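Participant: Provided below are the primary sequence and the corresponding predicted coordinates.
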Amino acid sequence: MVSLACGKRGDPHPPVPIIPQATSDLVVAQRGSKVLLSWAYPALTVAGKNLTGVRRVVVYRAVEPFPVVQPPEPDTTTTPQPIAAFAKVPPLTPAQFVKLRSKADSIEGANLPAASAGARLTFEDTPQLHTSDGRPVRLTYAVVTEGANATGDLSNLVSIVPLDVPVPPAGLAAAPKPQGIVLTWTAPKAAIAPNAKPFISGYNVYRTSAGETASELTRPINAAPVSATTYTDAPPYGKFTYFVTAVAAPRIESDPSTVVTAEFKDLTPPPAPKNVEALLEPKAVRLIWEPVAAADLAGYRVYRTEGVGHEPDIKEIGTVPMFAAPITTTYAIDAGADPGIAYKYAVTAVDKNGNESERVWTGWVVVPKTP
């Protein structure tokens with residue numbers, strides 16, 4: 001007789017929670033009246049596996065107004081007064097932040113791609129920059145990633161004391177020069193808040209290539225704020241777009257100036273030809289010169305000047321190019337020189353970008369009349 005065993009299922013188990021790894025690289029900056037946050041796209045679980053199914057990322061903000069009773073006025077020679085004042089106030093601990101925080105906003109899962117810049121997420125906040133009675137505030141931010149069935153821990157905390165930053169620099173202009181693209185602009189005379197004096201510690205210069213769009217994560221091309229209202233950029237050859245901001249403090253700057261576009265190309269002329277000589281021939285003048293050593297040489301231009309009178313009192317009456325385009329030989333023949341007329345000649349070197357060297361002149365020559 002065969003007996004059949006009766007199988008028994010165990011009690012059902014809840015799904016293992018997939019907990020997002022906490023963000024650890026949140027950074028904050030101010031641009032104009034906006035506070036900008038940036039952090040790496042949530043991609044891992046606490047177990048180190050790929051994270052899928054992000055429901056949303058929540059942005060939290062804590063606002064600390066400066067106490068009504070002010071301490072002695074700090075030295076603001078190099079630091080804006082609100083930042084100098086808060087330098088003596090300890091930053092919030094995570095426990096303090098949790099008690100003070102409020103939800104600033106959230107980025108829903110479907111909107112995460114639109115909020116991405118490369119491998120990072122960005123968020124733009126527009127908080128009050130100070131209290132209703134004019135006291136400075138310190139803003140502290142953190143983000144939390146919510147997965148499909150679990151929520152990650154609080155991110156690192158980042159703080160900023162927002163300022164009434166200057167208005168954008170005006171009159172930005174870009175002029176290509178042989179040494180680079182020279183940018184100039186006008187210093188702001190006002191701040192974004194009425195009657196506020198702009199605090200300017202320098203300027204940041206931003207550059208993007210043709211077809212590239214600047215984002216809030218674009219880095220300035222200057223290593224430190226520029227103290228003058230001019231900057232010379234020496235990029236690779238090509239077309240570029242520039243804008244400038246006024247810096248009030250580290251990570252705190254004005255809105256961008258208007259953008260300008262300039263093309264940087266070779267503007268340095270090749271060396272001038274040497275030993276240019278005019279040799280008389282029957283019914284013609286032959287010009288010779290030494291070749292110019294330049295990798296981008298396109299050729300040579302030859303000019304003829306006609307004169308009236310006799311040496312040393314010959315008067316120039318006009319200079320014309322002898323050829324419509326540069327020639328590639330190191331000689332030229334002027335078969336149209338009229339006998340008995342004084343001429344002098346110049347030769348220049350021209351590169352492929354159209355840069356032309358100085359003119360090197362011969363002395364006056366006269367084709368003899370045929371007996």
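Facilitator: Now that the structure is in, tell me what you want to look at. Remember, predicted model here, so these are calculated numbers, not experimental data.

Participant: who touches whichever strand or helix holds Ile107?
Facilitator: Under the criterion of DSSP states H and E, Ile107 resides in strand 102-108. Residues from elsewhere that reach strand 102-108 (CB atoms under 8 Å, 6 or more residues apart in numbering): 55-63, 115, 121, 123, 125, 127, 141. C-betas here are computed from N, CA, C, even on glycine.

Participant: Tell me the buried residues within the residues you listed.
Facilitator: Among the contacts of strand 102-108, the ones that count as buried by 16 or more other CB atoms under 10 Å are 55-62, 121, 123, 125, 127, 141.

Participant: Before we move on, what's the pLDDT of the nearest residue to Gly340 once chain neighbours are set aside?
Facilitator: Closest residue in space to Gly340, ignoring its immediate chain neighbours: Lys369 at 5.0 Å, by CB to CB, 6 or more residues apart in numbering. Predicted confidence (pLDDT) for Lys369: 80.

Participant: Next up, phi/psi of Lys369, please.
Facilitator: phi -70, psi 140 (degrees, to the nearest 10).

Participant: Does it touch Ile341 like I think?
Facilitator: No: Lys369 is beyond contact range of Ile341, at 10.0 Å (criterion: CB atoms under 8 Å).

Participant: Helices of the stretch 201-350 of the chain, residue ranges please.
Facilitator: Taking DSSP state H, counting those that start in this stretch, the stretch 201-350 of the chain contains no helices at all.

Participant: rewinding a little: and Lys369 and Ile341? Which one has more around it.
Facilitator: The neighbour comparison of Lys369 against Ile341 (other CB atoms under 10 Å) goes to Ile341, with 13 against 9.

Participant: list the contacts for that one?
Facilitator: Counting by CB under 8 Å, 6+ apart, Ile341 touches Glu306, Gly307, Val366, Val367.

Participant: rewinding a little: just flag the most distant two among the contacts of strand 102-108.
Facilitator: For the contacts of strand 102-108, the farthest-apart pair by CB to CB is Arg55 and Val63; their separation is 26.3 Å.

Participant: Thr329: what's it in contact with?
Facilitator: Thr329 touches Tyr300, counting by CB under 8 Å, 6+ apart.

Participant: Do you know the pLDDT at it?
Facilitator: So Thr329 comes in at 97 (pLDDT).

Participant: For Glu306, grab the count of nearby residues.
Facilitator: 17.

Participant: gap between it and Glu253?
Facilitator: Here the criterion is CB to CB, to the nearest Å. By it, Glu306 lies 61 Å from Glu253.

Participant: Now do the contacts for the nearest residue in space to Ile252 that is not next to it in sequence.
Facilitator: Leaving out its chain neighbours, the residue that sits closest to Ile252 by CB to CB, 6+ apart is Gln30, at 4.4 Å. Shown in contact with Gln30 (CB under 8 Å, 6+ apart): Leu36, Ile160, Pro162, Leu163, Val165, Arg251, Ile252, Glu253.

Participant: which regions of the chain sit below the pLDDT cut-off?
Facilitator: Counting by pLDDT under 70, the chain shows low-confidence ranges at 1-16, 69-77, 371.

Participant: if we can go back for a sec, which element follows the strand holding Ile107 toward the C-terminus?
Facilitator: Using DSSP H and E, the next helix or strand after strand 102-108 towards the C-terminus is strand 116-117.

Participant: in its sheet, what does that next one sit against?
Facilitator: Here strand 116-117 has these sheet partners by DSSP bridges: strand 120-125 (antiparallel).

Participant: Give me the contacts around the strand it pairs with.
Facilitator: Counting by CB under 8 Å, 6+ apart, 34-42, 57, 59, 61, 104-105, 107, 112, 115-116, 141, 143, 215-217 sit against strand 120-125.

Participant: please redo it, this time with the cut-off set to 10 Å
Facilitator: 23, 25-28, 30-31, 34-42, 57, 59, 61, 104-107, 112-113, 115-116, 139, 141, 143, 145, 162, 215-217 (CB atoms under 10 Å, 6 or more residues apart in numbering).

Participant: Output the contacting helices and strands for the helix or strand following that strand.
Facilitator: Using DSSP H and E, the helix or strand that follows strand 120-125 in sequence is strand 137-146. If you count contacts as 3 or more CB pairs under 10 Å, 6 or more residues apart in numbering; DSSP states H and E, strand 137-146 packs onto strand 27-31, strand 34-40, strand 56-65, helix 81-86, helix 94-100, strand 102-108, strand 120-125, strand 158-160.

Participant: one more time with 6 Å
Facilitator: Using 3 or more CB pairs under 6 Å, 6 or more residues apart in numbering; DSSP states H and E, the elements in contact with strand 137-146 are strand 56-65, strand 158-160.

Participant: Give me the distance from it to the chain's centre.
Facilitator: Between the centre of strand 137-146 and the centre of its chain there are 29 Å (CA atoms, centre = their mean, to the nearest Å).

Participant: Turn the helices and strands packed on strand 137-146 into JSON lines, including distance to Leu100.
Facilitator: Converted to JSON lines, the helices and strands packed on strand 137-146 look like this (distance: least, CB to CB, whole Å):
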{"stretch": "strand 56-65", "distance to Leu100": "4"}
{"stretch": "strand 158-160", "distance to Leu100": "12"}
